[in-house]
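>>> build me a model from this:
(2 chains)
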Protein chains: 2
Amino acid sequence: MFELHQHKLQALYFKPSYERLKDRIKKAAPDLDIYLIDEDGQLTHEGSRVTRKQIHPDYFWVHSELLKSPVFKDYFALMQECHNVKWLHTINTGLDKGPYLDLLKTGVRISNNHSQAIAIAEYIMAQVLSCFQNLTDFSDKQKQGVWKYRPFREIYHTRWLIIGFGNIGQQVARRAKGFGVDITAVRRSKKHEKLADHVLSLDTMDDAIGQADVVVLACASNQATRNLVDAKFLAQMKDNAVLVNVARGDLVVEDDLRQALDAGRPGHAILDVFVDEPLPEDSWIWNHPAISMTPHCSNAGSGMRQRSDDLFIENLNRMVNGQLLVNEVDKTDIV
Amino acid sequence: MFELHQHKLQALYFKPSYERLKDRIKKAAPDLDIYLIDEDGQLTHEGSRVTRKQIHPDYFWVHSELLKSPVFKDYFALMQECHNVKWLHTINTGLDKGPYLDLLKTGVRISNNHSQAIAIAEYIMAQVLSCFQNLTDFSDKQKQGVWKYRPFREIYHTRWLIIGFGNIGQQVARRAKGFGVDITAVRRSKKHEKLADHVLSLDTMDDAIGQADVVVLACASNQATRNLVDAKFLAQMKDNAVLVNVARGDLVVEDDLRQALDAGRPGHAILDVFVDEPLPEDSWIWNHPAISMTPHCSNAGSGMRQRSDDLFIENLNRMVNGQLLVNEVDKTDIV
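Numbering: from 1, shown residues only, chains lettered A, B, ... in the order given. As a prediction, this is how the structure comes out:
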């Protein structure tokens, strides 16, 4: 819980994000003292210019408009200069990149966004089903005018190993369960999880790798998970298994993946994230026949912004009322 | 229930199907008197040739091997000649084609196959997700080496109208519910249905057509449903809605669909069945940009045969023990 505040709580918002939601913001936090930073990096308070030294925000909000603007560097720099920052709410989910880790170390509380989980889960289900059914082949046959009945592989009664069982992993499990999939969740906590048939940890998952028809990487990138999917991991997979990475490129040793796919084990990889992004023009990944790849947009579902806005307003309301935040980040997840 | 039998129950099996399952058949029905018809149409009993007049089967079984063989015509003809047929178990789901209706009229009991429902439901989910996310575009961009982040349409919180809520409709609903889809089932029975949020009948569904993001045709073809999807129906749909037909081609007036798609309402059609099959080479359907079509193979899931075999054995066991059959066909469904 937040302490109830002696002074008016100061927030610094990116102007375009604020303009879009100002009615909801005022309703959720009528007493908030609002400073704005515009697209040129200029600071204002109630319509008047102010300088950096005049403002002492307790709280920041990173939304998608800001991330797409060059001013995001100024915004983050200002956040790091302040010594009284209490809270940052961000639209990002993975916090291994940018200044988040440094901010967490200085004691700032961060709540992140899980509105992307629904979109990412839909992306995964679409890509896995498309791969199993070879929809590209159906589409090609249609273009060619070829009528040829053929069987397709079902996901019914397959086994999925979901590494990382936060919001994304759970949303995947919720959908896959409806298809009769057997779910093994890999997570640190061993607590009972109704969406998973089995719960393992990184240390105990070795046997499960060899039994999985689909392996989904949905974990944070940290010391324990970087380069997790290396030659040894890939050699344990079934030869017709599918690897899905929607988390971070550095979870996978890309050269090892290339050798593994060339050798036919696993059978296919669905990749939305890469060690280098954008993926370099000369990367082997573009043309590998056993890879379906997308440009880090598994989160780009049409409902994402609405859900992100709703979560931000919910947390703003909680903050000004001294309540626990939704999705407060556990620092140990990203170290 | 079947009456318990005064004489040994006679079955006529297609030899390749029998050979594959004979151990399971003997275990389920040790006293069954088994006649075989081979791929040349020759009849045998315990290894010796017999004539048509010497056999009086009580029970028949139509499996996929038979449907693919030219001898299926002999098999059906023989079935229609017999006057003491009690039961036919078939791998087919829709019974509007072939001699099924005539057999039902003469009092033969028929149990059909719903093992295809799981495959068809996976097909529908794959095709709808692929359409919403435009997976073909992702695949094209990969081939072109283009890195371009773009949003995609979610199925979360969309409304689906499922016309026909038998096994197929229910399996679709089970999967779609995991995605947070609102399900309206159209069926004759108004009984409470936990997989559906709303239950309507053909007579009361008009308003729901206009609210649906996805319309799935999963009903039998009969007097009430033939030509159901005509110009009037299509004009009620939302302009970005998707029509899915996995049932029978004659549920849709294809010329009306063409005009509707050309006018942009609905936005897309996913078709696995057609008025003429195979689809004629010169059909407009092959090349229409708003159609994804497949050659009547939405049922061709990899687990279908195993499930069909299991159901056949289950029903064989029930029959010889005088128990109610699974999936006994209600004659009124196909009239």
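
>>> correct me, but residue A:253 touches residue A:230?
Yes. The criterion here is C-beta atoms under 8 Å, and residue A:253 meets it with residue A:230 at 4.5 Å. From N, CA and C alone the C-beta is placed, and that goes for glycine too.

>>> tell me the SS of residue A:216?
strand (DSSP: H, G, I helix; E, B strand; the rest coil).

>>> need the pLDDT of it.
pLDDT, residue A:216: 98.

>>> how far out from the middle of the chain is stretch A:318-335?
Chain-centre distance of stretch A:318-335: 17 Å, with C-alpha atoms, centre = their mean, to the nearest Å.

>>> what is the burial count for residue A:277?
13 (other C-beta atoms under 10 Å in any protein chain shown).

>>> for it, give me phi and psi.
For residue A:277, the backbone dihedrals (degrees, to the nearest 10) come out as phi -130, psi 140.

>>> enumerate the residues of the stretch 201-335 of chain A near chain B.
Neighbours of chain B within the stretch 201-335 of chain A, by C-beta under 8 Å from any C-beta of the partner chain: A:278-279, A:281, A:286, A:291-297, A:300-304.

>>> which ones are touching the closest residue to chain B within the stretch 151-300 of chain A?
Chain B sits closest to residue A:178 of the stretch 151-300 of chain A, with a gap of 3.4 Å, by C-beta to the nearest C-beta. Going by C-beta atoms under 8 Å, 6 or more residues apart in numbering or on different chains, residue A:178 touches B:174-179.

>>> ok, of the residues you listed, which one's closest to chain A?
Once C-beta to the nearest C-beta is applied, the member of the contacts of residue A:178 that ends up nearest chain A is residue B:178, at 3.4 Å.

>>> quick check: that closest one vs residue A:192, distance?
20 Å (C-beta to C-beta, to the nearest Å).

>>> give me the local confidence score for residue A:107.
At residue A:107, the pLDDT recorded in the model is 86.

>>> what about it, which SS state?
Relying on three-state DSSP, one would call residue A:107 coil.

>>> which residue is the nearest non-sequential neighbour of residue A:129?
residue B:126 (3.6 Å; C-beta to C-beta, 6 or more residues apart in numbering or on different chains).

>>> for the strand or helix carrying that neighbour, name the packing helices and strands.
Per DSSP states H and E, residue B:126 falls inside helix B:116-133. Helices and strands touching helix B:116-133, by 3 or more C-beta pairs under 8 Å, 6 or more residues apart in numbering or on different chains; DSSP states H and E, are helix A:116-133, helix A:135-144, helix B:167-177, strand B:242-245, strand B:268-271, strand B:291-293, helix B:304-320.

>>> closest one to residue B:104 among these?
Among those, helix B:304-320 comes nearest to residue B:104, with 16.7 Å by C-beta to C-beta.

>>> and the closest one, average pLDDT?
Across helix B:304-320, pLDDT averages out at 93.

>>> how about that helix: buried residues?
Residues B:304-305, B:307-309, B:311-316, B:318-320 are the ones in helix B:304-320 that count as buried (16 or more other C-beta atoms under 10 Å in any protein chain shown).

>>> going by distance to chain A, which of those residues wins?
The closest of those, once distances to chain A are taken by C-beta to the nearest C-beta, is residue B:304, at 7.9 Å.

>>> list the contacts for that closest one?
A:151, B:115-116, B:118-119.

>>> kindly reformat those as JSON lines containing pLDDT.
JSON lines is the format used below for those (pLDDT from 0 to 100):
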{"residue": "A:151", "pLDDT": "97"}
{"residue": "B:115", "pLDDT": "89"}
{"residue": "B:116", "pLDDT": "93"}
{"residue": "B:118", "pLDDT": "97"}
{"residue": "B:119", "pLDDT": "98"}
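
>>> and which of these is nearest residue B:40?
residue A:151 (27.2 Å).

>>> check contacts around that closest one.
B:297, B:300-302, B:304.

>>> buried members of the residues you listed into ChimeraX, please.
Selection of buried members from the contacts of residue A:151 for ChimeraX, criterion 16+ other C-beta under 10 Å:
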select /B:297,300,301,302,304
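
>>> of all the contacts of residue A:151, which two lie farthest apart?
Spatial extent of the contacts of residue A:151 (C-beta to C-beta) is set by the pair B:297 and B:302 at 11.9 Å.

>>> identify the contacts common to those two.
What both residue B:297 and residue B:302 touch, as defined by C-beta under 8 Å, 6+ apart, is the set A:151-152.
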